[in-house]
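Student: Need a 3D model of the following:
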Amino acid sequence: MTVRPPIVGAALWSAVMKTAEDRCECRGACGKKHDPERTRKQQRCDVRNGDHVSKVGLIFLIAMPRDPINEGDFATAAQLPAKRLAAMCRPCHDAVLRKIRSATKKLPAGDGLFDVEQFRVAPPTAGAA
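Tutor: Have a look, this model is predicted:
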């Protein structure tokens, strides 16, 4: 089945899909090995644009940032060139985002760059001017 590009960003999406040969580019970032022959080797996801998957229906690949942690917000991702985007199927894309959210929840609260006692500033007192 021929999958038509989205209305907005069609040229960019088409360039990403051409580079990926209309196939999901996930190589295990989602947590799966993508190993249908069970050879215990990491392989590339075999889902193609327009494939039919039983639980999902038709697969339409999306272009997502290759670095979803630093460039994952829509404003940044929309400005990226095609070489910094990867074609991903929805199941792999969702699994990657779940892994990122899970990892961020496990970070200790307040653990930041300037969370050191020497950088703390005392709050102003009520009578000080």
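Student: Torsion angles phi and psi at Ile62?
Tutor: Phi and psi for Ile62, reported as degrees, to the nearest 10, are phi -120, psi 160.
Student: repeat for Met64
Tutor: Main-chain torsions, Met64, degrees, to the nearest 10: phi -120, psi 160.
Student: Is it bridged to anything, and to what?
Tutor: Applying DSSP bridges to Met64 gives these bridge partners: Ala86.
Student: OK, contacts around it?
Tutor: Met64 makes contact with Gly72, Ala77, Leu85, Ala86, Met88, His93, Val96, according to C-beta atoms under 8 Å, 6 or more residues apart in numbering. Backbone N, C-alpha and C define where each C-beta goes, glycine included.
Student: Pick out the lowest-pLDDT one from the residues you listed.
Tutor: Lowest pLDDT of those: Gly72, 75.
Student: What is the neighbour count of it?
Tutor: Neighbour count of Gly72, defined by other C-beta atoms under 10 Å: 14.
Student: just to revisit the earlier point, going by neighbour count, which of the contacts of Met64 are buried?
Tutor: Among the contacts of Met64, those classed as buried by neighbour count (16 or more other C-beta atoms under 10 Å) are Ala77, Leu85, Ala86, Met88, His93, Val96.
Student: quick one: the third one and Glu25 touch, right?
Tutor: Okay, so that is Ala86. Yes: the criterion here is C-beta atoms under 8 Å, and Ala86 meets it with Glu25 at 4.5 Å.
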